[in-house]
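Chemist: here are the coordinates; sequence isn't available:
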């Protein structure tokens, strides 16, 4: 099936197929879910043998998946989905009718899907990743960003073209600090093919590069705070990743990132939930949906507060609390939720299970 990886498992009589897109965040979480399943399920090769199918794909991919194979007929189909506005687009509402149930990573998303589906299960992202890097990786990244140890580095890992990420407002708020934060730097990590940012502020460092995993680790390690001015996130992997690295996190106080961010472990930027402005609509995001608009003055103030107090006990306490809180999303805790849900499906739908 083009663009989709296919891995299948079985436990006792039940067999599970897990299909995911190659989209980076989907693929990463899907790999962990597969590993969870692999501990209890036997690998099989044919999708037709599956009793339960998990589809972990972008909405735009689902239609082609359903068209591409007749082997989904009669299966218990689970959609692992996220959506980042208060209302699902009509095309998505039609597609999720194919699912017997939906899994999603945050209670924010769970509430959204529950408006259009009767069975939505909360399966949060496992917060785990390798954080190792070599001195060569560190030196490569230092060269890329012109690293100056006397500077304070803010990092945003983003897609500039994606209006939901709201990168332009973050850059604008940072530019307003030019005279009070001369030693601050904002690294805008994007892909090599992304839209180029427009800023005359030499403190803004665009990084359009395909980094290796260990070079990305070095980038996190060398920065002081991770920042997001998003309108909405289903989860916010770059923010939970920053917590793994023991970095301060500054982000919009809205949506899926509140699953692991709080005033006690991070800095939440004030915002208001509003209908999406027509100029911000793109793709499936429409003006009858809502998401958050961060307060630009508060965003600027929070950047400045960290600049002057990032080494204070207050921020040290928040980072320590984040390190503790993020354990709630450990591999073992998420594994328990996944396996309990699968066991419940098998128990409640014994007729689905292969004999």
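Modeler: Structure received. Please read all numbers here as calculations on a predicted model, not as lab measurements. Numbers count the residues shown, from 1 in each chain.
Chemist: Which of the helices or strands spans residue 30?
Modeler: helix 24-38 (DSSP states H and E).
Chemist: ok, residues contacting that helix?
Modeler: Residues from elsewhere that reach helix 24-38, judged by CB atoms under 8 Å, 6 or more residues apart in numbering: 5, 7, 9, 16, 18, 20-21, 54, 56-58, 80, 105, 125-126, 128, 237, 331, 334-335, 338-339, 342. Placement of C-beta: from N, CA and C, glycine included.
Chemist: what pLDDT, on average, does that helix get?
Modeler: Regarding helix 24-38, the rounded mean pLDDT is 89.
Chemist: can you pull the buried residues of that helix?
Modeler: By neighbour count on 16 or more other CB atoms under 10 Å, the buried set for helix 24-38 is 26, 29-30, 32-34, 36-37.
Chemist: closest to residue 241 among these?
Modeler: Nearest to residue 241 among the buried residues of helix 24-38 is residue 29, at 12.2 Å by CB to CB.
Chemist: Only whichever of the contacts of helix 24-38 are buried, select them in ChimeraX.
Modeler: Buried residues within the contacts of helix 24-38, by 16+ other CB under 10 Å, are selected in ChimeraX with:
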select :5,7,9,16,18,20,21,54,56,57,80,105,125,126,128,237,334,335,338,339,342
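Chemist: Quick one: mark the members of the contacts of helix 24-38 that sit in helices.
Modeler: Per DSSP state H, helices hold the following members of these: 237, 331, 334-335, 338-339, 342.
Chemist: Looking at the residues you listed, spot the one nearest residue 172.
Modeler: Checking these one by one against residue 172 (CB to CB), the nearest turns out to be residue 237, at 24.3 Å.
Chemist: Which parts of the protein belong to which domain?
Modeler: Domains of the chain are assigned by automatic domain parsing as 4-126+330-352, 135-328.
Chemist: re earlier: just put the ones in helices among the contacts of helix 24-38 in TSV and tack on pLDDT.
Modeler: Below are the ones in helices among the contacts of helix 24-38 laid out as TSV (pLDDT from 0 to 100):
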residue	pLDDT
237	96
331	96
334	97
335	95
338	95
339	92
342	92
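Chemist: need the residues you listed in TSV with distance to residue 172, can you?
Modeler: Listed next are the ones in helices among the contacts of helix 24-38 as TSV, based on distance: CB to CB, whole Å:
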residue	distance to residue 172
237	24
331	39
334	37
335	42
338	41
339	46
342	46
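Chemist: what's the farthest-apart pair in the residues you listed?
Modeler: Longest span within the ones in helices among the contacts of helix 24-38, CB to CB: 237 and 342, 23.6 Å.
Chemist: Can you name every helix or strand that the helix or strand hosting residue 344 contacts?
Modeler: In this assignment (DSSP H and E), residue 344 forms part of helix 331-348. Helices and strands in packing contact with helix 331-348 are listed as strand 14-21, helix 24-38, strand 52-56; criterion 3 or more CB pairs under 8 Å, 6 or more residues apart in numbering; DSSP states H and E.
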